[in-house]
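*Asks:* Okay, predicted coordinates and the sequence, questions at the end:
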Amino acid sequence: MARTAIATGNALAPIIVQKQLFLEQKKAAYFSRFMSASGDMPVFEKTDFTKAKGETMTFGMRIRVTGDPITGNATVKGKEDKLTFYTYQITLDRFRYAIMDDGALTRQRFVGDIPTEIRNALTVWGAELIDQKCMDALTASPTSIYYGGNATAVGDLDANDKITPALISKVKAIALTQRSGGKTPLQPVMVDGKKYLVMLISPDAAVDLKYDATFMAAQKDAAERGSNNPLFSGMLGIWDGVIFHEHENVPVLSNGGTGGNVKYSKCVLMGASALCWAWGERPSIVEEDEDYGEFKGYCWRMTAQVGKPKFNNQDFGSIAVYVADSRATGRTVNYK
């Protein structure tokens, strides 16, 4: 069993000294800003099993109504449409991670507070786990993929097939109108009476947007920045009703192009209910003493699961957008 130890003579164990220890900032899961229990945000969150027993949670989802209106004096009777619903199920799983200190002497030697350090570290670890699970589910086996520039496949990508405002407007138009092959249009997120989609892009793709004069000029007078909606918190910018969020977990690969050496990002465009998140037990940290309280263990735990809903075997609320990273050429990549 590994234990966190501060040895005698360690620089962090002075005999008498006043020091400011910079605690690791507690980090809320980034995807928490996208969660809503009503299904009108990119992550449809349900907490049913935090109050009741069960293992498999069912999400009821309504397909967007897109029929044409009856005009003039034409009779409506007999021309009624119907709502279409479908269900998506998630089976909960258990997640735990623990850290043990090295006893009372270590706690005495350390200039800071070992229990606080451990709790903060576990809080950050848990938030990062939630973010990674959301990203893994969102980017796994997409049913709809669009590419930068004139590329039609990963093997066609070159440095010119980067993310641009024109590409985003094109993909947005497709996302809101797609109906072929069993696809359904993405349902926008409504904020203050306006419709938005949300796009997750890698730091590499973000570099290209930051060097795009058209995109950057549009950010100078973005009135939406004044909104209190969490969708706008930490955003990179807005273009044509698409809110951009830069996230380090967006997959980046280096095997694109005809020579297999073009780096590209697997960005994702999301509407409402792009993901479903089920809670059985919200994250918590429990403590356990060992050897009459000499040693203390701390365990982060949650019961939950996330999944990407499908309708007619097509992703319900998301579209993948693969773009070359034309400027970020020097960064080491170890993503999926």
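*Replies:* Sure thing, it's come through.
*Asks:* per-residue confidence averaged over the longest strand along the chain?
*Replies:* When the chain is parsed with DSSP state E, its longest strand is strand 275-290. Taken as a whole, strand 275-290 has a mean pLDDT of 92.
*Asks:* cool, and stretch 187-195?
*Replies:* 91.
*Asks:* ok, now stretch 239-259?
*Replies:* Computed over stretch 239-259, the average pLDDT equals 95.
*Asks:* Stretch 47-62 now?
*Replies:* The average pLDDT within stretch 47-62 is 77.
*Asks:* OK, contacts around the closest residue in space to residue 219 that isn't next to it in sequence?
*Replies:* Nearest residue to residue 219, sequence neighbours excluded (CB to CB, 6 or more residues apart in numbering): residue 237, at 4.5 Å. No exception for glycine: its C-beta is placed from N, CA and C like everyone else's. By CB atoms under 8 Å, 6 or more residues apart in numbering, the contact list for residue 237 reads 209, 215, 216, 218, 219, 222, 244.
*Asks:* what number of residues lie near the fourth one?
*Replies:* Put plainly, it is residue 218. Residue 218 has 15 neighbours, counted by other CB atoms under 10 Å.
*Asks:* how about it, what does it touch?
*Replies:* For residue 218, counting by CB under 8 Å, 6+ apart, the contacting residues are 165, 237, 238, 239.
*Asks:* rerun at 6 Å
*Replies:* For residue 218, the residues meeting the contact criterion (CB atoms under 6 Å, 6 or more residues apart in numbering) are residue 239.
*Asks:* Any of the contacts of residue 237 buried? List them.
*Replies:* 209, 215, 219, 244 (16 or more other CB atoms under 10 Å).
*Asks:* Looking at the residues you listed, which one is closest to residue 203?
*Replies:* Minimum distance to residue 203 across these is 10.6 Å, recorded for residue 209 (CB to CB).
*Asks:* element containing that closest one?
*Replies:* Element membership for residue 209, per DSSP states H and E: helix 203-210.
*Asks:* Also residue 149?
*Replies:* Using DSSP H and E, no helix or strand contains residue 149.
*Asks:* wait, isn't it in contact with residue 161?
*Replies:* Yes. With contact defined as CB atoms under 6 Å, residue 149 counts as touching residue 161 (3.3 Å).
*Asks:* on contacts alone, who are the packing partners of the helix holding residue 209?
*Replies:* strand 262-270 (3 or more CB pairs under 6 Å, 6 or more residues apart in numbering; DSSP states H and E).
*Asks:* pull the CA atoms of the strand it packs on into CSV?
*Replies:* The C-alpha coordinates for strand 262-270 follow below in CSV (Å, rounded to 0.1, in the frame of the first residue of the first chain):
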residue,chain,number,x,y,z
VAL,A,262,-0.9,15.8,-40.0
LYS,A,263,-2.0,16.7,-36.5
TYR,A,264,-5.7,17.2,-36.1
SER,A,265,-8.3,17.8,-33.4
LYS,A,266,-11.5,15.8,-32.9
CYS,A,267,-13.8,18.8,-32.0
VAL,A,268,-17.4,18.3,-31.2
LEU,A,269,-20.5,20.5,-31.8
MET,A,270,-23.2,19.9,-29.2
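*Asks:* partners of that strand, with directions?
*Replies:* strand 194-201 (antiparallel), strand 252-256 (antiparallel), strand 318-324 (antiparallel) (DSSP bridges).
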